[in-house]
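K.L.:
coords please:
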Amino acid sequence: MHFDTSIKLKTWIVSFIALLLFIVPVNIGGQWTIFLGIMAEGILANLEGTIPAITTAAIVIFLLITIYGTFFNKDIFSNTPKLQGIFVLTWLWFLLRFIGAVFAVMIITGFGPEAITSDLTGGTVMYSLVPILATWLLLAAFLMPLLMNFGLMEFVGTFLEPVIRPLFKVPGRSSIDALASWMGSSPVGVMITTEQYEKGFYTKREALTIATNFSVLSIPFSLVIATVIGIEHYFLQFYLTMTIACLFTTLILVRIPPLSKKEETYYEVTGKQIDDRDVEDTILKTATKRAYRRTSESKGPIGLIKDGAINVIDIYGGLIPVVIAIGTTALMLAEYTPVFTYLSYPVQLFLELIQIPEAATAAPAFIIGITDMFLPAVIGAGIESDFTKFLIAVMSLTQIIYFSEVGALLLKSKIPVSVLELVLIFILRTVISFPVIYLFAWIFVGM
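P.N.:
Have a look, this model is predicted:
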């Protein structure tokens with residue numbers, strides 16, 4: 001198949017821009033980030049104080065449309081299936097969205113029980129997490145097509161397929177999802193994965209594998225975790241340990257249930273898109289031809305803007321209220337009930353058995369990460385032992401399944417996964433990665 005010069009130019013120019021935005025690291029003020037991060041930080045610096053209020057207003061407006069669509073006119077967006085899926089809900093998703101909206105209004109106005117509005121619960125979600133999510137995902141919604149629709153994933157994926165597929169049992173293109181998380185943010189990585197699944201590039205098993213294993217926290221946020229807990233002087237060792245632990249854990253997880261038992265079928269709405277076509281006599285020719293074909297199939301600017309706008313509506317109307325509902329509830333359980341203390345007793349006994357310093361204080365940090373990625377560092381900051389701090393900090397990054405962020409994204413997505421499966425994956429990630437983290441903590445820090 002012949003591709004004209006405009007297709008070729010568009011492929012390389014747009015892919016170069018996408019690389020600069022999502023992948024290529026830059027050093028600003030002594031910290032590594034990506035251009036998307038610079039844009040996000042610029043918005044946060046100028047609007048951070050107003051983002052929670054703006055987001056709450058959007059949540060309430062979209063909730064009113066959802067009430068109308070769910071209860072009064074289910075055909076409100078029958079000509080646009082994506083909008084129909086956003087505004088016509090089952091009772092469970094409506095309830096979560098409603099609770100999230102009520103919590104948001106309470107937190108913004110300060111009117112409501114302190115258990116919800118406190119800085120330690122709803123305040124943390126609304127003023128620390130929501131601005132980051134609202135900003136990063138807003139930019140990603142409009143800019144992700146540059147990464148996904150103009151051949152970059154096909155080009156890179158073709159070269160990495162012989163390595164990624166046998167090791168991790170997923171397509172080579174998934175490396176882009178991982179890099180977007182590593183250099184940008186884990187929600188962006190999950191968002192890319194869900195978009196790819198809905199377009200038919202990943203099977204159910206592949207999509208869940210990538211989202212629950214490749215969506216690591218970014219380098220900048222990892223530095224924040226290290227600083228909060230007090231081991232920033234071990235940052236290189238800390239991040240190296242996390243990377244090795246994640247790779248080791250993924251190698252095992254992809255070969256055992258629940259991931260190994262997931263269906264090798266594609267999203268029913270789109271079906272399978274053939275990703276192994278256009279095979280040429282060299283890998284470079286194959287990669288190039290696949291990239292050009294993808295560009296030729298991409299939508300024009302109006303179509304991309306329309307898709308981006310729908311994604312933004314889904315983020316602000318659907319995802320963020322669910323994050324607020326789940327995140328605030330989880331933090332309320334952590335702050336006002338002994339649930340996590342009781343749940344951590346077996347962990348405490350194990351840590352005491354292997355003589356981990358300050359085991360009783362550290363134990364809750366090993367399981368509370370399922371609610372939010374930041375809480376283990378908050379708990380660990382009060383611990384004196386650098387060895388124990390190192391264990392907690394690395395573990396909080398390797399666990400990945402945070403219900404205030406990644407978990408909520410996955411439950412909201414079309415990828416078939418249950419709460420129980422996510423909890424099981426969280427436990428398995430914790431158990432499998434611990435020996436690796438312990439070994440490197442002993443090497444780098446010493447007990």
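K.L.:
show me what the longest helix seen in the chain is packed against.
P.N.:
What stands out as the longest helix in the chain, according to DSSP state H, is helix 419-444. Helix 419-444 sits against helix 204-213, helix 235-253, helix 386-398, helix 406-412, with contacts defined as 3 or more Cβ pairs under 8 Å, 6 or more residues apart in numbering; DSSP states H and E. C-betas here are computed from N, CA, C, even on glycine.
K.L.:
which one of these lies closest to Pro166?
P.N.:
helix 235-253 (10.7 Å; Cβ to Cβ).
K.L.:
how close does Val378 get to Ile401?
P.N.:
In this view, Val378 and Ile401 are 18 Å apart by Cβ to Cβ, to the nearest Å.
K.L.:
so those two - more neighbours on which side?
P.N.:
Neighbours per residue, other Cβ atoms under 10 Å: of Val378 and Ile401, the larger number sits with Ile401, 24 against 17.
K.L.:
apart from its chain neighbours, what residue comes closest to the more buried one?
P.N.:
Phe426 (4.1 Å; Cβ to Cβ, 6 or more residues apart in numbering).
K.L.:
burial check on Gly200, number of neighbours?
P.N.:
Per other Cβ under 10 Å, the neighbour tally for Gly200 reads 16.
K.L.:
typed the wrong thing, it's Val60
P.N.:
Residues near Val60, counting by other Cβ under 10 Å: 15.
K.L.:
please name the residues that touch it.
P.N.:
Going by Cβ atoms under 8 Å, 6 or more residues apart in numbering, Val60 touches 101, 104-105.
K.L.:
repeat that for 6 Å
P.N.:
Ala101 (Cβ atoms under 6 Å, 6 or more residues apart in numbering).
K.L.:
which element is it on?
P.N.:
Using DSSP states H and E, Val60 maps to helix 51-71.
K.L.:
and the following helix or strand past that helix, what does it pack onto?
P.N.:
Using DSSP H and E, the helix or strand that follows helix 51-71 in sequence is helix 81-87. The elements that helix 81-87 packs onto, with contact taken as 3 or more Cβ pairs under 6 Å, 6 or more residues apart in numbering; DSSP states H and E, are helix 51-71.
K.L.:
roughly how far is the helix it packs on from the heart of the chain?
P.N.:
Centroid separation for helix 51-71 versus its chain: 23 Å, with Cα atoms, centre = their mean, to the nearest Å.
K.L.:
in that helix, which residues are buried?
P.N.:
Residues 51-52, 55-56, 58-59, 62-63, 65-66, 69-70 are the ones in helix 51-71 that count as buried (16 or more other Cβ atoms under 10 Å).
K.L.:
what about Glu263, neighbour count?
P.N.:
Glu263: 10 surrounding residues under other Cβ under 10 Å.
K.L.:
try Asn27
P.N.:
8.
K.L.:
and it, that's in a helix?
P.N.:
No: Asn27 is assigned strand when assessed by DSSP: H, G, I helix; E, B strand; the rest coil, not a helix.
K.L.:
pLDDT score assigned to it?
P.N.:
What the model reports for Asn27 is a pLDDT of 76.
K.L.:
the residue most central in space within the chain and Ala334: what is the separation?
P.N.:
Among the residues of the chain, the one closest to the centroid is Pro187, at 2.9 Å (Cα atoms, centre = their mean). Distance, Pro187 to Ala334, using Cβ to Cβ: 21 Å.
K.L.:
before we move on, what about Lys199?
P.N.:
Lys199 is 37 Å from Ala334, by Cβ to Cβ.
K.L.:
picking that back up, let me know the average pLDDT across the longest helix of the chain.
P.N.:
Here helix 419-444 scores 96 as its mean pLDDT.
K.L.:
again with stretch 285-293
P.N.:
According to the model, stretch 285-293 has a mean pLDDT of 91.
K.L.:
what comes into contact with that stretch?
P.N.:
The contact list for stretch 285-293 (Cβ under 6 Å, 6+ apart) reads 3, 7, 11, 151, 154-155, 158-159, 278-280.
K.L.:
can you flag the buried ones in those residues?
P.N.:
With neighbours counted by 16+ other Cβ under 10 Å, the contacts of stretch 285-293 contain buried members at 3, 7, 11, 151, 154-155, 158, 278.
K.L.:
could I get the residues you listed as CSV with distance to Val254, pLDDT and secondary structure?
P.N.:
Formatted as CSV, the buried ones among the contacts of stretch 285-293 follow (distance: Cβ to Cβ, whole Å; pLDDT from 0 to 100; DSSP: H, G, I helix; E, B strand; the rest coil):
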residue, distance to Val254, pLDDT, secondary structure
Phe3, 35, 86, coil
Ile7, 36, 94, helix
Thr11, 31, 95, helix
Gly151, 27, 87, coil
Glu154, 23, 85, helix
Phe155, 24, 89, helix
Thr158, 21, 86, helix
Asp278, 27, 64, coil
